[in-house]
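In: turn this into a structure:
(one chain, ligands or ions: 3)
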Amino acid sequence: MKVLVTGSAGQLGRALQTSAPPACEVTAVDRAELDLADAAAVGAFVHGLKPDLLVNAAAYTAVDKAESEEALAHAVNADAVAAMAEALRATGGRLVQVSTDFVFDGSSPRAYRPDDARNPLSAYGRTKAAGEDAAGPDALIVRTAWVHAAGGANFVRTMLRLMAERESLRVVADQIGAPTWAGGLAATIWGLVAKDARGIFHHTDAGTASWYDFAVAIQEEALALGLLARAVPVIPIATADYPTPATRPAFSLLDCSATRAALGDGYTHWRTHLRAMLKEELALG
Ligand SMILES: NC(=O)C1=CN([C@@H]2O[C@H](COP(=O)(O)OP(=O)(O)OC[C@H]3O[C@@H](n4cnc5c(N)ncnc54)[C@H](OP(=O)(O)O)[C@@H]3O)[C@@H](O)[C@H]2O)C=CC1
Ligand SMILES: Cc1cn([C@H]2C[C@H](O)[C@@H](COP(=O)(O)OP(=O)(O)O[C@H]3O[C@@H](C)C(=O)[C@@H](O)[C@H]3O)O2)c(=O)[nH]c1=O
Ligand SMILES: [Mg+2]
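Out: Ligands and ions are numbered 1, 2, ... in the order given. Sure, this is the predicted structure:
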């Protein structure tokens, strides 16, 4: 099976490449090879390669910056996806689109199910919701949240840097979600592809956390591994006391039960995957 993976240098793009099933002949492209801001180039590339499967792991993921660059974010996160879907309809290939908990507004009293109503609060969330629509009904859409991987641009590595530099940290304690390791997300995507799943599926690690809980766990695990030399106070604060350009959902847990049932596999707690990620981080040096 001929597979095209976009976003090859990103967290998910790299994880997809290392865990691709042997039957997949993977072509992986980064921004230099295929710029998703150029929808015509995207269509032409897909027409040229004619992949059986396209896993779109590229995205405009700078949540705060998207508030002032929504047109560019929309081009990358939605217009490029429309071009992929259109080209794949012509060539007969399947599309896997990756989406986010930030399509929800956080007002739900329970974990979000795949068919719950969306109401994004941010420009990033709006462009990702538009990307889901652009992918169309035949696509597999996998929503995830709070993704981290060794070597990637993520909250874990931001915390490691700030914990080494600063004497204390303030972290929001009133935004609740689920951290997710890119390796587990990639495994779920390959599993759903093998089952020819279509429609919307949710994947995060098991358990729940606030960003504050996550930061405390990051520090504890990093100290235990010797990734940090000393502990600094981590202070829980309210979102109102940490102003950012983008509004983030206060609660964005994703109900992943349908995904786990479809794959018939277990659920790994985020803390277990955090430890694995930090061990890889240590090995990278
Ligand atoms: N990271 C997270 O916390 C979450 C991510 N997601 C979704 O998961 C998917 C994978 O995200 P993740 O791997 O974590 O993100 P990363 O930011 O690690 O990777 C995204 C990749 O997309 C590339 N990219 C950005 N703009 C363009 C462009 N114009 N043309 C081509 N490539 C481009 C980036 O390249 P460059 O480095 O050059 O910018 C980067 O390599 C995305 O759809 C994202 O929206 C969902 C929930 C949470
Ligand atoms: C650095 C820092 C952040 N924060 C807050 C800001 C924010 O509310 C929260 C997380 O900050 P970040 O900017 O790292 O995370 P953010 O980039 O918003 O993460 C999101 O990325 C996109 C791509 C997604 O799809 C989401 O699922 C989610 O992972 O922590 C603090 O409270 N203290 C700090 O020192
Ligand atoms: Mg970010």
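
In: please make it C-alpha for all contacts and neighbour counts, starting now.
Out: Fine.

In: what segments of this structure are helices?
Out: Remark: helices assigned in the chain by DSSP state H are 11-18, 39-49, 70-74, 80-91, 123-135, 155-165, 182-194, 211-225, 257-263, 270-284.

In: next, format these as TSV and append distance to ligand 1, mean pLDDT and mean neighbour count.
Out: Listed next are these as TSV, based on distance: least, C-alpha to the nearest ligand atom, whole Å; pLDDT from 0 to 100; neighbours: other C-alpha atoms under 10 Å:
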stretch	distance to ligand 1	mean pLDDT	mean neighbour count
helix 11-18	4	98	20
helix 39-49	9	98	16
helix 70-74	8	98	20
helix 80-91	9	98	21
helix 123-135	7	98	24
helix 155-165	8	98	16
helix 182-194	7	98	20
helix 211-225	12	98	19
helix 257-263	16	97	15
helix 270-284	14	97	17
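
In: contact partners for whatever residue of the stretch 151-285 of the chain ends up closest to ligand 2?
Out: Residue of the stretch 151-285 of the chain nearest ligand 2, by C-alpha to the nearest ligand atom: Val171 (3.3 Å). Each residue near Val171 by C-alpha atoms under 8 Å, 6 or more residues apart in numbering is listed here: Trp211, Tyr212, Ala215, Val234, Ile235, Pro236, Ile237, Tyr242.

In: give me the pLDDT value at it.
Out: pLDDT recorded at Val171 is 98.

In: and what of Ile237?
Out: Looking at Ile237, its pLDDT reads 98.

In: hey, which strand is longest across this protein?
Out: Scanning the chain for the longest strand, with DSSP state E as the assignment, gives strand 94-100.

In: quick one on the thing from earlier: determine which two of the contacts of Val171 are furthest apart.
Out: Ala215 and Tyr242 (15.0 Å; C-alpha to C-alpha).

In: coming back round to it: what's the longest strand of the chain in contact with?
Out: 52-57, 81, 84-85, 88, 125, 128-129, 131-132, 135, 138-145.

In: at 6 Å what do you get?
Out: With contact meaning C-alpha atoms under 6 Å, 6 or more residues apart in numbering, strand 94-100 is reached by Leu53, Leu54, Val55, Asn56, Ala139, Leu140, Ile141, Val142, Arg143, Thr144, Ala145.

In: how about stretch 68-86?
Out: Residues contacting stretch 68-86 (C-alpha under 6 Å, 6+ apart): 36-37, 39, 43, 59-60, 123, 127-128, 130-131, 134-135.

In: one more: stretch 47-65?
Out: Residues from elsewhere that reach stretch 47-65 (C-alpha under 6 Å, 6+ apart): 2-7, 13, 73, 77, 91, 93-97, 124, 245-246.

In: contact residues of this structure facing ligand 2?
Out: Applying C-alpha under 6 Å from any ligand atom, we find that the chain lies next to ligand 2 at 61, 63, 100-102, 145-147, 154-155, 169-172, 211, 242.

In: nearest to Met163, out of these: which one, please.
Out: Leu169 (7.2 Å).

In: I'd say the closest one and Val234 touch.
Out: Yes: the pair Leu169 and Val234 passes the contact test of C-alpha atoms under 6 Å, sitting 4.9 Å apart.

In: which non-adjacent residue is nearest Gln175?
Out: Closest residue to Gln175 apart from its sequence neighbours, by C-alpha to C-alpha, 6 or more residues apart in numbering: Ala250 at 4.2 Å.

In: okay, now that neighbour: neighbour count?
Out: 18 (other C-alpha atoms under 10 Å).

In: how close does it sit to Asp105?
Out: Taking C-alpha to C-alpha, to the nearest Å as the measure, Ala250 falls 8 Å from Asp105.

In: and if you look at His47?
Out: Plainly put, His47 is 37 Å away from Asp105 if you go by C-alpha to C-alpha.

In: same thing with Val55?
Out: Look at Val55 and Asp105: by C-alpha to C-alpha, they are 26 Å apart.

In: same check, this time on Ala262
Out: In terms of C-alpha to C-alpha, Ala262 sits 27 Å off from Asp105.
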